[in-house]
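Enquirer: Got a predicted structure plus its sequence, pasted below:
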Amino acid sequence: MAIQPARPIGSAQRMVFNGTLIAGEAIATYPKTNATYSSDATTIGGVAYRTCRLGLFDATALTDLSKQLPLSVFDDCQPAVDHPMPPITGLSTAGFNATDQVINARTWCQNARVTVRPVTAAARTAVNVAAPQASWLLDTATSGLGLNTGLPVAMVYLDLGGSPAASIAVEITVEITPTHSR
């Protein structure tokens, strides 16, 4: 079973995906299973990355608002700051599908941070987490996870080596800080 997010009690800006990542669908396939890594890789700068799409919602309980971030987090009224996760070379096309709706220019996307933490010794050797890269997509029938929720999806690039393990125990935290607190 794929990982579904939890929003820590009292947090309005943080979603945590804690569990075992497994291979999911190919990059070009819709719909996608939440919080799985792509079965195929995209090469950027000589490194084969797997993409992991993380819906900022529980894909198995779409009406459970306790497992979504409040809409106030997605504030585009404030000016954007420098993106804390600089894009990697080739990010504009690598790992995306032609139908993906990329929303990286939104202020809240530029205030977002993604942290990937392997939680077992095996996972620490399987995942290179020096600088996880993320891009942001809108979930439609042919973008994001392909569930047509209209909610945001983080697409994280994971360096899992040439032949990734069947399952990788991780904790992935997505945090969207308000512009005024930066």
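Expert: Structure's in. What do you need? Numbers count the residues shown, from 1 in each chain.
Enquirer: Look up how far Trp136 lies from the spatially most central residue of the chain.
Expert: Nearest to the mean C-alpha position of the chain, counting by C-alpha atoms, centre = their mean, stands Ala154 at 3.0 Å. Separation of Ala154 from Trp136 (C-beta to C-beta, to the nearest Å): 6 Å. Glycine gets a C-beta too; all of them are placed from N, C-alpha and C.
Enquirer: And for Asn104?
Expert: Asn104 is 5 Å from Trp136, by C-beta to C-beta.
Enquirer: same check, this time on Arg7
Expert: Per C-beta to C-beta, Arg7 is found 18 Å from Trp136.
Enquirer: Which stretches in this protein count as helices?
Expert: Assigned by DSSP state H, the chain shows helices spanning 107-110, 121-126.
Enquirer: among the ones you listed, which is the most enclosed?
Expert: For the helices of the chain, the largest average neighbour count (mean count of other C-beta atoms under 10 Å) is found in helix 107-110, namely a mean of 21.
Enquirer: what about that one, distance to the chain center?
Expert: Computed by C-alpha atoms, centre = their mean, to the nearest Å, the chain-centroid distance of helix 107-110 equals 14 Å.
Enquirer: What average pLDDT does that helix get?
Expert: Here helix 107-110 scores 82 as its mean pLDDT.
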